[in-house]
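**Q** Sequence below, structure please.
(one chain, ligands or ions: 1)
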Amino acid sequence: MIKNNMKGILEELPEGVELVGAAKTRTPDEILECVEAGLKIIGENYVQEAERAFQVVGDKAKWHMIGHLQSNKAKKAVKIFDMIETVDSIKLAKVIDKSCANIGKVMTVLIEINSGEEIQKAGVLPEDAVSLVRDISELKNIKIMGLMTMGPFAGDPENARPYFQKTKKLFEEIKKIDLPGVEMEYLSMGMSNSYKVALEEGANMVRIGTKIFGERQYD
Ligand SMILES: *Cc1c(COP(=O)(O)O)cnc(C)c1O
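**A** Residues are numbered from 1 along each chain as shown. Have a look, this model is predicted:
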């Protein structure tokens, strides 16, 4: 089933769009099956799950952190991940920068935007994004490569459209600013139920879990 799902999605995605397979709760073997079916980027929400899967899959794929990164996990995270999509504060960026400096690595990151401006949700508020990008651009071991957003959860994907539009607008605005260490290339938006709308609104990176692996079982 995973193989067929992967094939369907890879055929359907327009050229130039990166697929991140959102792998939370999946076993390392399921993840490996996806990679063998053509998945190039694995998205993990938890460092511990990523470590477990990494032992099986290793560098057969790229690894993206798509969940909130706790500062005390940064040291482990920078060893595994090729990109951290969820940087939303200078405090977190500084911790990542320091951990990277220790191992001689430059981490590519996306800035997570709280496009729904929801209290308690991860992400920087849209109005604070430009100044955050400016602050982070001064860190030597971090390279900003774009924006990521979740958008508010809503049944109808049409409800997410205005938030995707808002994030795309911000992406273009930041792209115009010339800063060292910033190269706006990726706009990560859209999940299983919303990626079609996200693509229409300019996403070039989509994070898909359920549509690849099937419904998640939480126990
Ligand atoms: C789980 C998750 C996804 C994918 O969700 P699906 O609805 O299973 O496609 C995308 N992005 C993030 C940050 C996630 O945690």
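
**Q** which non-adjacent residue is nearest the closest residue to the ligand within the chain?
**A** Here the chain gets closest to the ligand at one residue, Gly209, 2.7 Å apart by C-beta to the nearest ligand atom. Bear in mind the C-beta positions are built from the backbone N, C-alpha and C, glycine included. Spatial nearest neighbour of Gly209, chain neighbours left out: Ala22 (3.4 Å); criterion: C-beta to C-beta, 6 or more residues apart in numbering.

**Q** what's that neighbour sitting at in phi/psi?
**A** The phi/psi pair for Ala22 (degrees, to the nearest 10) reads phi -80, psi 110.

**Q** before we move on, what about Glu18?
**A** Backbone torsions for Glu18, taken as degrees, to the nearest 10, come to phi -90, psi 130.

**Q** Based on its surroundings, how many neighbours for it?
**A** One way to gauge burial is a neighbour count; for Glu18, by other C-beta atoms under 10 Å, it gives 17.

**Q** Mind telling me what element Val35 is part of?
**A** Secondary-structure element containing Val35, defined by DSSP states H and E: helix 28-36.

**Q** Any part of that helix near the ligand?
**A** No: using C-beta under 6 Å from any ligand atom, we find that helix 28-36 stays clear of the ligand, coming within 13.0 Å at best.

**Q** quick one: the residue lying closest to Gly123 once chain neighbours are set aside and Glu33, what's the gap?
**A** Leaving aside its sequence neighbours, Gly123 sits nearest to Asn114 (C-beta to C-beta, 6+ apart; 3.2 Å). The spacing between Asn114 and Glu33, counted by C-beta to C-beta, to the nearest Å, is 34 Å.

**Q** higher neighbour count, these two?
**A** Using other C-beta under 10 Å as the criterion, Asn114 and Glu33 rank with Asn114 on top: 23 against 18.

**Q** Let me know whether the more buried one touches Ala122 as I believe.
**A** Yes: under the criterion of C-beta atoms under 8 Å, Asn114 lies in contact with Ala122, with a separation of 6.8 Å.

**Q** what residues are shared contacts of the two?
**A** Between them, Asn114 and Ala122 have Asp88 as joint contacts when contacts are counted by C-beta atoms under 8 Å, 6 or more residues apart in numbering.

**Q** so which helix or strand takes in the spatially most central residue of the chain?
**A** Centroid check for the chain by C-alpha atoms, centre = their mean gives Glu85 as the closest residue, at 3.6 Å. When elements are assigned from DSSP H and E, Glu85 belongs to strand 83-87.

**Q** ok, now Gly146?
**A** Assessed by DSSP H and E, Gly146 sits inside strand 142-149.

**Q** Parallel or antiparallel, which strands does that strand pair with?
**A** Sheet neighbours of strand 142-149, with direction, are listed as strand 107-113 (parallel), strand 182-188 (parallel) (DSSP bridges).

**Q** Highest mean neighbour count out of those strands?
**A** Comparing the strands paired with strand 142-149 on average neighbours per residue, with mean count of other C-beta atoms under 10 Å, the densest one is strand 107-113 at a mean of 25.

**Q** Quick check: residues of this structure near the ligand?
**A** Contact residues, the chain versus the ligand (C-beta under 6 Å from any ligand atom): 22, 24, 45, 66-67, 150, 191-192, 207-211.
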